[in-house]
Structures are given as structure tokens and as C-alpha cells.
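Peer 1: Turn this into a model:
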Amino acid sequence: MIRCQENIILHLQELCYSLVARADVNFNDDPQLKDEDRTKILDKIVQISKVIFENGDYNFHYGLMVVVYTHLAAVEVRLKDYDKAFENLHKALDFAIDADELPEREPYISLAVNKLVYDKYEINCSTPTLCCKELLKYLKWSVFDDIRDTEKFQNIYLKAKEHCDK
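Peer 2: Numbers count the residues shown, from 1 in each chain. This is a model prediction of the structure:
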């Protein structure tokens, strides 16, 4: 049973990162893909993740969710949907803080993975840096220039920075 659940996590990661690549937010591989379709692809990651982690016990998956919500926000800025962009940047911040505050070991409670325990020292489950530090790097992307000087953006940036400085 444990091996099956480990496979669920492994394949979920593979699927989600493949979908991030498919969304091609930087226009590297599929510049003809419409931004509306990019958001649909990224939203699929959110939906799939909610199905697997129905109890919100994302644990090591938190880091991926930071990537997804930051990418969603970037696309939404290009679409000039600033409210949605800020909503997703807030979600990215929340996931980053949750990831950084995970204990060394945390059991999963969602049905599909409830025999597993997150262990921050397992190489395949942990991120080498704080998620808030990663988020701060993403917030420097030029796509956010249109909203960078707003109070909402500055608040998100400062909360991430404050969390890193703890």
C-alpha cells in the first residue's frame, strides 16, 4: 500500500511539472498558445492537487503550488486581470509560508496518501531553499513590472521578505 501511495506522489509530481512545461509561460516552445489556454492548463494542476490532497495536507507539494500560482499570476498580468493576479500571488505566498513552516515530519491525512509521512530530510520531498526565497525570485520577473509599484504587490513582496528574514 505504501508503494502505491509513493507512486501517486511521484506521478503527480511528474504530471504537474509536465503541465507547467506545457503551459509554456515564457513562450519558449509554443508561442501560439493563447494565455487563456495557459491559465486553463495551470488550473488543471490546482484541480488535480486538490483531488489528491483533499484535506489540504500538501506537505512537499507546497513548493510546486508556489510555482503554479506564480505562473498563473504572471499570465493574468499579461491578460490585464490584475485582481486575479493578486489573488494568485497571495495564494503563492500562503503556500510558500506553509512550506517553510512544515515540521521535520508530517503525516499525510488525505485518503490517497494517508500511509505516507512527509520527511523534510528526504531528498525527493524537500526543497533546497526556503519557498519564500524562491517566491522573491519569481516576483522579480519582468512580467510583474506592470503591478510592481502597487501597494498590493509591495505588501506581498514585503511579507515574503519578512518571512525569509525570520
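
Peer 1: okay, now the closest residue to residue 138 other than its chain neighbours: neighbour count?
Peer 2: Spatial nearest neighbour of residue 138, excluding adjacent residues (CB to CB, 6 or more residues apart in numbering): residue 70 at 4.4 Å. Where C-beta positions appear, they are placed from N, C-alpha and C, glycine not excepted. Applying the criterion other CB atoms under 10 Å, we find 27 residues in the vicinity of residue 70.

Peer 1: for residue 150, same thing?
Peer 2: By the criterion of other CB under 10 Å, residue 150 has 13 neighbours.

Peer 1: Next, it: phi, psi?
Peer 2: With angles defined as degrees, to the nearest 10, residue 150 sits at phi -80, psi 160.

Peer 1: Now do residue 118 against residue 105, distance only.
Peer 2: Counting by CB to CB, to the nearest Å, the gap from residue 118 to residue 105 is 7 Å.

Peer 1: If you count surrounding residues, which of these two has more?
Peer 2: residue 118 (22 against 12).

Peer 1: Now do the phi/psi pair for the closest residue to that one other than its chain neighbours.
Peer 2: Spatially, and ignoring its direct neighbours in sequence, residue 118 is nearest to residue 59 (3.6 Å; CB to CB, 6+ apart). Per-residue torsions, residue 59: phi 50, psi -120 (degrees, to the nearest 10).
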